[in-house]
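# Got a predicted structure plus its sequence, pasted below:
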Amino acid sequence: MTIREEQVLERIDRARNARPRLREDAITLAHGSGGKATHTLIETVFREAFGNPVLDRLDDSAHFTVNGARLAFTTDSYVVSPLFFPGGDIGDLAVNGTVNDLAVSGATPLHLSAGFILEEGFPVSDLRRITESMRCAAEAAGVDIVTGDTKVVERGKADGCYINTAGVGIAHSGGADVRPGDAILVTGPIGEHGVTIMLARGELDIEADLTSDTAPLNCLLADVRDACPGAVRRMRDATRGGVATVLNELASDAGAAVVVDESSVPVRPAVRGACELLGIDPMYVACEGRAVIVVAPEAEETALAALRTHPLGRDAAVIGHVREDPPGLVLLKTAFGGTRIVDLLVGDPLPRIC
């Protein structure tokens, strides 16, 4: 490593270790992107106000014990536009997203809540379509929607329908610390949901045969845990901020480097083509039915085989490995033989995709 490279890495390390500061006086769309602005908002506002040992883990689900029972609990809100898109709608998105937040934390999802914020004038036929979609998604995931709430706001105060969900499940394992040598897998092609939503808005003169990847991952991830007992380190679903954000969080938490081979990352040609036309990196584009899994080195092939035997994991791939240096960074080995840093998302190139 050259002296200049060492200096660059030192500057990056200082910037990352600096105390987060919220510089804006008002919330922007970037604060909901899942990138740097979101992380700063969480650290400087929510964690500062609500911090406790359970919350401070910042996992997809909180794990705690009640009368000897180990439970997992999560919540999420859905504000996607348009409400209906190729491959799904806001209803199955809400169910699948909540199920997946529980599943990647090593839990078996059991029960969900559903809170609706409806705009005055919203068609009842659309609401029935959404609730039917939720019913089917819950049935497919093996969960029940057991409680809920409804609020109606004035016309023009919402985009028709917002949904908030919460989910509870039985926690089996919180995973283990990520360490150098571990393998990193993705359960399927990335970026399909985000690109599908972009094109469905009709604002771009681009046509592509794409559907959202929204799907429940609980059975797929349970298969991997069963096939690799004790060898699954971490699992994360790559939603806002895409796979790049998940990898950055893993590198930061582990104090290690994540090295990814660009040619190994599965991206469908239609997604890659749309991203190239728009100048977007598919690594940052949201998925709603894909997970990033970190396993011990000896379980790499077993985990990959377990994924590929399931319909949702047939295109799974090993995309990289954890290394010792440089700590906290994600490095992408490009198809041209170079290496670049993949940082957290800055700004909000794909707003309101979940």
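Right, received. Where do you want to start?
# per-residue confidence for the closest residue to A305 other than its chain neighbours?
Spatial nearest neighbour of A305, chain neighbours left out: A227 (7.4 Å); criterion: CB to CB, 6 or more residues apart in numbering. The way it works is simple: take the backbone N, C-alpha and C, and place the C-beta from them, glycine included. A227 carries a pLDDT value of 96.
# Going forward, count from 27.
With 27 as the first residue, the last one maps to A253.
# Distance of A253 relative to A133?
18 Å (CB to CB, to the nearest Å).
# what about these two, which has more around it?
A133 (29 against 18; other CB atoms under 10 Å).
# And the pLDDT for the more buried one?
95.
# go on, T28?
With respect to pLDDT, T28 has a value of 68.
# and what of R42?
pLDDT, read off for R42, is 62.
# Okay, Y104 and G182: tell me how far apart.
Taken as CB to CB, the span from Y104 to G182 is 20 Å.
# between those two, who's got more neighbours?
Y104 (20 against 9).
# Next up, phi/psi of the more buried one, please.
Backbone torsions for Y104, taken as degrees, to the nearest 10, come to phi -130, psi 120.
# longest strand in the chain, by residue count?
strand 133-145 (DSSP state E).
# Show me what counts as buried in it.
133, 135-136, 138-145 (16 or more other CB atoms under 10 Å).
# same question, stretch 309-320
309-320.
# Which ones among those map onto strands?
Reading strands off these with DSSP E, I get 317-320.
# Just name the closest of the residues you listed to R349, please.
V320 (12.7 Å; CB to CB).
# Thought P206 was touching the closest one, still the case?
No. Under the criterion of CB atoms under 8 Å, V320 makes no contact with P206, lying 11.4 Å away.
# can you list residues touching both of these two?
Jointly contacting V320 and P206 under the rule CB atoms under 8 Å, 6 or more residues apart in numbering are V348.
# need the buried residues of stretch 309-320 in a markdown table with pLDDT, can you?
Below are the buried residues of stretch 309-320 laid out as a markdown table (pLDDT from 0 to 100):
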| residue | pLDDT |
| --- | --- |
| M309 | 95 |
| Y310 | 93 |
| V311 | 93 |
| A312 | 93 |
| C313 | 95 |
| E314 | 95 |
| G315 | 96 |
| R316 | 97 |
| A317 | 98 |
| V318 | 98 |
| I319 | 98 |
| V320 | 97 |
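# between those, which is nearest L211?
I319 (4.7 Å).
# so who does the closest one touch?
Contacts of I319 (CB under 8 Å, 6+ apart): 210-213, 247, 250, 258, 260-261, 329, 333.
# Of those - the most surrounded one?
Top of these by neighbour count (other CB under 10 Å): T213, with 30 neighbours.
# and the gap between that residue and L333?
6 Å.
# before we move on, what about T124?
Distance of T124 to L333, given as CB to CB: 22 Å.
# likewise V204?
In terms of CB to CB, V204 sits 18 Å off from L333.
# do the same with D152
36 Å.
# One more: L136?
L136 is 24 Å from L333, by CB to CB.
# Which of the contacts of I319 fall in strands?
Among the contacts of I319, the members that lie in strands (by DSSP E) are 210-212, 258, 260-261.
# Now for those residues: which two are most distant?
Spatial extent of the ones in strands among the contacts of I319 (CB to CB) is set by the pair V212 and V258 at 14.2 Å.
# quick one: buried residues of stretch 216-229?
Result for stretch 216-229 [16+ other CB under 10 Å]: buried residues 216-226.
# ugh, wrong one, stretch 196-206
So, applying 16+ other CB under 10 Å, buried residues of stretch 196-206: 197, 201, 204.
# now do stretch 318-338
Buried-residue list, stretch 318-338, by 16+ other CB under 10 Å: 318-322, 325-326, 329-330, 332-333, 336, 338.
# State the distance spanning the first to the last residue of that stretch.
13 Å (CA to CA, to the nearest Å).
# which SSE is L128 in?
Secondary-structure assignment from DSSP states H and E places L128 in helix 116-129.
# So which elements touch that helix?
strand 95-104, strand 133-145, helix 150-167, strand 187-197, helix 244-253, strand 258-263 (3 or more CB pairs under 8 Å, 6 or more residues apart in numbering; DSSP states H and E).
# Let's have those in a markdown table, adding distance to V286.
What follows is the helices and strands packed on helix 116-129, written out as a markdown table (distance: least, CB to CB, whole Å):
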| stretch | distance to V286 |
| --- | --- |
| strand 95-104 | 27 |
| strand 133-145 | 27 |
| helix 150-167 | 30 |
| strand 187-197 | 29 |
| helix 244-253 | 20 |
| strand 258-263 | 14 |
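# I'd say T328 and C254 touch.
Yes. The criterion here is CB under 8 Å, and T328 meets it with C254 at 5.4 Å.
# Quick one: classify the closest residue to R161 other than its chain neighbours as helix, strand or coil.
Excluding the flanking residues, the one nearest R161 by CB to CB, 6+ apart is I171, at 7.6 Å. Here I171 is recorded as strand under DSSP: H, G, I helix; E, B strand; the rest coil.
# in the stretch 227-376 of the chain, which segments are predicted with low confidence?
373-376 (pLDDT under 70).
# Please repeat the previous calculation with a cut-off of 50.
Residues of the stretch 227-376 of the chain meeting the criterion pLDDT under 50: none.
# Out of the buried residues of stretch 318-338, name the two that are farthest from one another.
Maximum distance among those (CB to CB): 22.6 Å, for A322 and L338.
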